[in-house]
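# Mind folding the following:
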Amino acid sequence: MAVVMAVVIASRSALPIAVVIAAAVGLAVLNPRLPEIRPAAAVVCAAAAAPVFFLLRTNWLNGDGNALTPKFERDVPLVGAHLSHDELLEFYVHSRFWDYTHRWWGWSVVFSYSVLSCAAGCAFVYVLCRAARRLAPERTWLFLAGVVSGAYMQLFFGDVENYTITAVLILIYVVAACRFLDGELPLRVPAIALAVAACFHLEAGWLLPSAVYLAAVSRSRTGSMRDAWQSAAGAAALIAVVFVYFHFNGLPLGRFFSSYAGQALRFKDVFSFGMPRSYFGDELTVLLRLCPAIAILLPACAALRHDASEPSRFLAIAAVSMLLIQGVWKSQLGVFDDWNLYSAGALLSAIVIWRYVSADAAALLPRIAATVLAGAGAWQSYAWIAANHSYGR
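Numbering: from 1, shown residues only. Modelled structure (predicted):
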């Protein structure tokens, strides 16, 4: 019944999205070779996405979202921002944005979060459009249609949580890393990009194995670890400067050990070991919702054996690293309420899977099958997004 209601809601309130999905699916089947999207065209795409994100923004809040208003109203007048080491710059940016918009225009905490989340969605669309040809040179429209078919796109429909800006920064890190592997950027650029993402949310730290792979590639090319150590030092220095700055501006370093990251270092109540089977069944359900293409993960892994390129290996390591969160990190709010915690892993998994699907779908029949998968996933995802938009109305 819930699925039927979501479809009905989607058919009434998400018609523009349905039209976009249909157009993308049609282009994917026709298989045009999409030229590189120029900056101006990417800006137009991002601008066109803005009203879709904003007008269909979510009206559903989880426990953390409901708690933000009293926290901001208490802490912003005292120290200028509500702060936590787990989500340091996410909280800081959202706090300062709310402070200004509340004083100027009377915005609520929830509305200010929604606006910034939609703005992050525009940035995501821009970066994805610019990087699509690099990530999937064959059948780029199929790749784009597949990547945006996951329900993690709810992040950019005004989600009131601290993962939206971080998701964009993780995508920027991925693009910077691929450009390094293609010999276009020095290693320090992806290292700094990852450090910035970690300053926004420590969840980005789960990507460290992928950074180690970049360091190994650098060493194999130069015969020295000098670039790797210099890049690591620069990234560590950036994180240290940010944390020390906030130590003297409202967030003492001693409070780190009471954060979720501090509890993880003490192996205290943040890992899912010992949870019942039903918990992991719910995790699988959430993963399938966030990334419907995970259903064809095994064929994609089989394709990986035949693609030994450095970017492909990097993307696989990054995706697996972020998926580990869903396997070992215990949801504090309940699995379905904590879906956004796992959204970055779903995003990277979608990039990896659709990269291989778009490369292998040369014949018409596989291309149609892949397009049907993208369309079905998009319909499920955007029906859920539309249902969240209509929640409480």
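# what's around Met322, how many residues?
When neighbours are counted by other C-beta atoms under 10 Å, Met322 registers 24. All C-beta spots, glycine's among them, are computed from the backbone N, C-alpha and C.
# go on, Leu169?
Burial of Leu169 is recorded as 26 neighbouring residues (other C-beta under 10 Å).
# and it, what does it touch?
193, 196-197, 200, 204 (C-beta atoms under 8 Å, 6 or more residues apart in numbering).
# Please identify which helix or strand holds Gln230.
Taking DSSP states H and E as the definition, one finds Gln230 inside helix 226-247.
# Sort out which residues of that helix are buried, please.
By neighbour count with 16 or more other C-beta atoms under 10 Å, helix 226-247 contains the buried residues 227-228, 231-232, 235, 238-239, 242, 246.
# can you name the two of those residues that are farthest apart?
Spanning the widest gap among the buried residues of helix 226-247 are Asp227 and Phe246, at 29.5 Å by C-beta to C-beta.
# Tell me where the stretch 1-150 of the chain has helices.
2-13, 15-30, 39-55, 63-79, 88-105, 109-135, 140-147 (DSSP state H, counting those that start in this stretch).
# what separates Leu208 from Met322, distance-wise?
11 Å (C-beta to C-beta, to the nearest Å).
# Overlap in contacts, the two.
The overlap between the contact sets of Leu208 and Met322 (C-beta under 8 Å, 6+ apart) is empty.
# Now for His82: which residues touch it?
So His82 contacts 68, 71-72, 74-76, 91, 95 (C-beta under 8 Å, 6+ apart).
# want to try CSV for those residues, with neighbour count and distance to His85 as columns?
Output for those, formatted as CSV (neighbours: other C-beta atoms under 10 Å; distance: C-beta to C-beta, whole Å):
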residue, neighbour count, distance to His85
Leu68, 23, 17
Lys71, 16, 15
Phe72, 22, 17
Arg74, 11, 18
Asp75, 16, 14
Val76, 17, 18
Phe91, 23, 10
Ser95, 23, 15
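# Closest one of these to Phe124?
Distance to Phe124 across the contacts of His82 (C-beta to C-beta) is lowest for Phe91, with 20.0 Å.
# so what's that closest one up against?
81-84, 162.
# So which of those residues wins on neighbours?
Asn162 (26 neighbours).
# tell me the secondary structure for that one?
Secondary structure for Asn162, judged by DSSP: H, G, I helix; E, B strand; the rest coil, is coil.
# Now it. Its backbone dihedrals?
phi -110, psi 50 (degrees, to the nearest 10).
# Kindly provide the distance from it to Thr101.
Relative to Thr101, and taking C-beta to C-beta, Asn162 is found at 17 Å.
# for Trp379, same thing?
From Trp379 to Thr101 the distance is 35 Å (C-beta to C-beta).
# more crowded one of these two?
Set Trp379 next to Thr101 and count neighbours by other C-beta under 10 Å: Trp379 wins out with 20 against 17.
# pLDDT at that one, what is it?
pLDDT recorded at Trp379 is 92.
# Tell me how many other residues crowd Gly80.
The burial count for Gly80: 14, using other C-beta under 10 Å.
# contacting residues around the residue nearest to it when sequence neighbours are not counted?
Ranked by C-beta to C-beta, 6 or more residues apart in numbering and with sequence neighbours excluded, the top spatial neighbour of Gly80 is Gly250, at 6.5 Å. Residues counted as contacts of Gly250 (C-beta under 8 Å, 6+ apart) are 75, 78-81, 83.
# measure Arg221 to Val189 for me?
Relative to Val189, Arg221 is positioned 15 Å away (C-beta to C-beta).
# Then Val125?
With C-beta to C-beta as the criterion, Val125 and Val189 are 22 Å apart.
# ok, these two, which is more surrounded?
Between Val125 and Val189, Val125 has the larger neighbour count (other C-beta under 10 Å), namely 25 against 17.
# Is it correct that the more buried one is in contact with Cys45?
Yes: with contact defined as C-beta atoms under 8 Å, Val125 reaches Cys45; the gap is 5.5 Å.
# so where's the stretch 251-393 of the chain uncertain?
298-307, 392-393 (pLDDT under 70).
# and if we set it to 50?
Along the stretch 251-393 of the chain, the model assigns pLDDT under 50 to no residue.
# residue ranges of the strands in it, please?
For the stretch 251-393 of the chain, applying DSSP state E, counting those that start in this stretch gives no strands.
# Spell out the secondary structure type for the residue nearest to Gly80.
coil.
# what about it, distance to Leu83?
Here Gly250 is placed at a distance of 5 Å from Leu83 (C-beta to C-beta).
# any residues in contact with both of the two?
Asp75.
# How confident was the prediction at Asp159?
Reading off the model, Asp159 has pLDDT 96.
# and it, what element?
Asp159 is part of no helix or strand when elements are defined by DSSP H and E.
# what number of residues lie near the spatially closest residue to it that is not a sequence neighbour?
In space, and not counting its chain neighbours, Asp159 is closest to Ser117: 4.9 Å by C-beta to C-beta, 6+ apart. Ser117 has 27 neighbours, counted by other C-beta under 10 Å.
# residues touching Arg96, list them.
In this structure, Arg96 makes contact with 80-81, judged by C-beta under 8 Å, 6+ apart.
# do Val241 as well
Taking C-beta under 8 Å, 6+ apart, one finds nothing in contact with Val241.
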